[in-house]
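1. show me how the following folds:
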Amino acid sequence: MSVERQKYTLEDVKSTYKNKDAWWTVFLVDPVASRLVVPTANKTNITPNQLSIFSFILGLTAVYCFYVGSYAALVTGAILYHISFIIDCMDGKVARLKGTGSSFGVLLDISLDHIRVVLCGAALCYSQYRITGDVTILYLAFLFLATYCARHINALNLFKVRRDMRGKLFKARKKLRKTAIAAGVIIDEPEEKPEEDETNQQGEDEALDSVVANKNQNQEQVADIKEVAGIKEVAGIKEEEPVDELLQKKKKIDLQQGFKQRFANYLKIREFFLNRRIRMHLFSGIEFQMFIFVLAPIFNLVKETIIFSCAGLLIFEVAILYKIWLSTKDFERQFDKIKEKQAEMEALLPDEEEEEIDSVNMIPAK
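-> This is a model prediction of the structure:
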């Protein structure tokens with residue numbers, strides 16, 4: 001007796017969309033990819049990894065077209081590249097829809113994406129140099145490669161910096177809450193989720209270790225919640241009594257206060273784009289690829305598009321670096337306040353309890 005296959009609808013597929021994504025993906029990819037996912041998920045046993053490999057094969061076909069270099073070949077390569085990208089976006093949707101995602105699948109997808117982009121860039125630039133003899137194309141090929149690598153290295157490192165800052169604040173506040181409990185100061189119930197950073201998703205999409213890191217951090221936070229709640233229950237602390245702001249675990253970790261103060265209209269603009277699922281990084285790695293490998297070949301403006309795309313991507317990367325710099329200042333201010341409050345709480349403790357609290361490690365700010 002055959003098992004009836006589960007039927008997925010278009011709405012089911014849309015539920016797998018990311019909360020925010022590149023505008024190119026939102027407007028030009030998802031409407032097509034989601035409608036292809038429905039029959040793929042319902043009528044086939046195609047796995048996300050198989051979709052990734054098929055997407056890569058189409059990408060290699062685009063590489064050959066770019067290498068040939070004639071206008072007809074360039075247009076064909078552009079179309080194939082965009083189809084390859086659409087299929088590449090399907091693998092994640094199928095994985096989330098069926099719950100068949102894996103760490104290896106993430107690694108495979110990211111690795112094949114990088115190889116496809118580098119090969120397409122090299123083939124496109126070489127063919128234009130071979131046909132025109134313009135040595136400027138070779139310099140632009142280096143600019144393309146350097147910009148692409150810098151963008152992904154930057155995304156990964158910024159994700160790690162944000163994760164480390166939040167981790168240090170979490171541990172510092174955990175120690176402060178334990179000290180406050182021992183000193184008889186009222187605290188409130190912990191909150192499980194910190195405030196989401198606008199650019200976190202980019203680093204998470206790039207870093208395979210983010211999958212494991214986020215899972216481990218969530219488990220650690222839940223364990224801390226149970227631990228602190230248990231201590232609180234034993235201490236018999238009443239919920240109605242006033243709470244010091246620094247001791248409020250429900251108060252989310254916000255490392256964007258400085259940025260918001262300098263750019264008051266940012267939140268309104270951000271909300272406008274988020275309502276349409278568009279992230280504020282308006283010229284990301286996706287737009288970078290699509291402009292160079294889709295628009296440039298079709299309009300036969302390879303040199304101009306590479307220059308424009310590299311400039312656009314670097315401008316937004318500099319903006320992100322500025323934003324993370326402001327976040328480090330917010331982190332330092334919050335960490336210093338926690339240390340000051342920690343000293344106040346420890347002054348209220350008997351010597352033996354202070355020694356016990358000191359056994360909890362709190363990582364110092366760098």
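
2. what separates the helix or strand where residue 11 lies from the chain centre, distance-wise?
-> Secondary structure from DSSP states H and E places residue 11 in helix 10-14. With C-alpha atoms, centre = their mean, to the nearest Å as the basis, helix 10-14 stands 22 Å off its chain's centre.

3. of all the residues in it, which ones are buried?
-> For helix 10-14, burial by neighbour count (16 or more other C-beta atoms under 10 Å) applies to 12, 13. C-beta here means a position set from N, CA and C on the backbone, and glycine is covered the same way.

4. and the helix or strand following that helix, what does it pack onto?
-> Past helix 10-14, heading to the C-terminal end, the next element that is a helix or strand (DSSP H and E) is helix 23-24. The criterion is 3 or more C-beta pairs under 8 Å, 6 or more residues apart in numbering; DSSP states H and E, and the helices and strands that helix 23-24 contacts are helix 285-290.

5. what is the helix it packs on packed up against?
-> Secondary-structure packing of helix 285-290 (3+ C-beta pairs under 8 Å, 6+ apart): helix 23-24, helix 71-98, helix 136-182, helix 302-347.

6. save those as CSV, and put in mean neighbour count, distance to residue 44 and mean pLDDT too.
-> Rendered in CSV, the data for these read as follows (neighbours: other C-beta atoms under 10 Å; distance: least, C-beta to C-beta, whole Å; pLDDT from 0 to 100):
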stretch, mean neighbour count, distance to residue 44, mean pLDDT
helix 23-24, 20, 27, 98
helix 71-98, 21, 10, 97
helix 136-182, 19, 32, 93
helix 302-347, 17, 36, 93
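
7. to residue 258, which of those helices lies closest?
-> Comparing the helices and strands packed on helix 285-290 against residue 258 with C-beta to C-beta, the closest turns out to be helix 302-347 (4.0 Å).

8. the closest one relative to helix 71-98, how many degrees between them?
-> Relative orientation of helix 302-347 and helix 71-98, computed by axes from the mean of the first three to the mean of the last three C-alpha atoms, to 10 degrees: 30 degrees.

9. could you check the angle helix 136-182 makes with helix 302-347?
-> Here the directions of helix 302-347 and helix 136-182 differ by 10 degrees (the same axes, to 10 degrees).

10. and helix 302-347, what does it pack onto?
-> Partner elements for helix 302-347 (3+ C-beta pairs under 8 Å, 6+ apart): helix 103-132, helix 136-182, helix 257-262, helix 285-290, helix 296-299.

11. so how far is it from its chain's centroid?
-> With C-alpha atoms, centre = their mean as the basis, helix 302-347 stands 15 Å off its chain's centre.

12. low-confidence ranges, the stretch 1-150 of the chain, go.
-> Under the criterion pLDDT under 70, the flagged ranges of the stretch 1-150 of the chain are 1-5.

13. closest one to residue 35 among the helices and strands packed on helix 302-347?
-> Shortest separation from residue 35 across these is recorded for helix 285-290, at 19.6 Å, computed as C-beta to C-beta.

14. C-alpha coordinates for that closest one, PDB please?
-> Listed next in PDB are the C-alpha coordinates belonging to helix 285-290 (Å, rounded to 0.1, in the frame of the first residue of the first chain):
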ATOM      1  CA  GLY A 285      26.100  40.300  -3.200                       C
ATOM      2  CA  ILE A 286      23.000  39.200  -5.100                       C
ATOM      3  CA  GLU A 287      22.500  42.500  -6.900                       C
ATOM      4  CA  PHE A 288      26.300  42.500  -7.500                       C
ATOM      5  CA  GLN A 289      26.000  39.100  -9.300                       C
ATOM      6  CA  MET A 290      22.800  39.900 -11.200                       C
END
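
15. and it, what's its mean pLDDT?
-> Per-residue pLDDT values over helix 285-290 give a mean of 97.

16. quick one: residues in contact with it.
-> Defining contact as C-beta atoms under 8 Å, 6 or more residues apart in numbering, one finds that helix 285-290 is touched by 22-25, 28, 81-82, 85, 117, 147-148, 151-152, 155, 202, 309-310, 312-313.

17. returning to that earlier point: make a markdown table out of the helices and strands packed on helix 302-347 and add distance to residue 273.
-> Putting the helices and strands packed on helix 302-347 into a markdown table (distance: least, C-beta to C-beta, whole Å) gives the following:
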| stretch | distance to residue 273 |
| --- | --- |
| helix 103-132 | 24 |
| helix 136-182 | 19 |
| helix 257-262 | 16 |
| helix 285-290 | 14 |
| helix 296-299 | 26 |
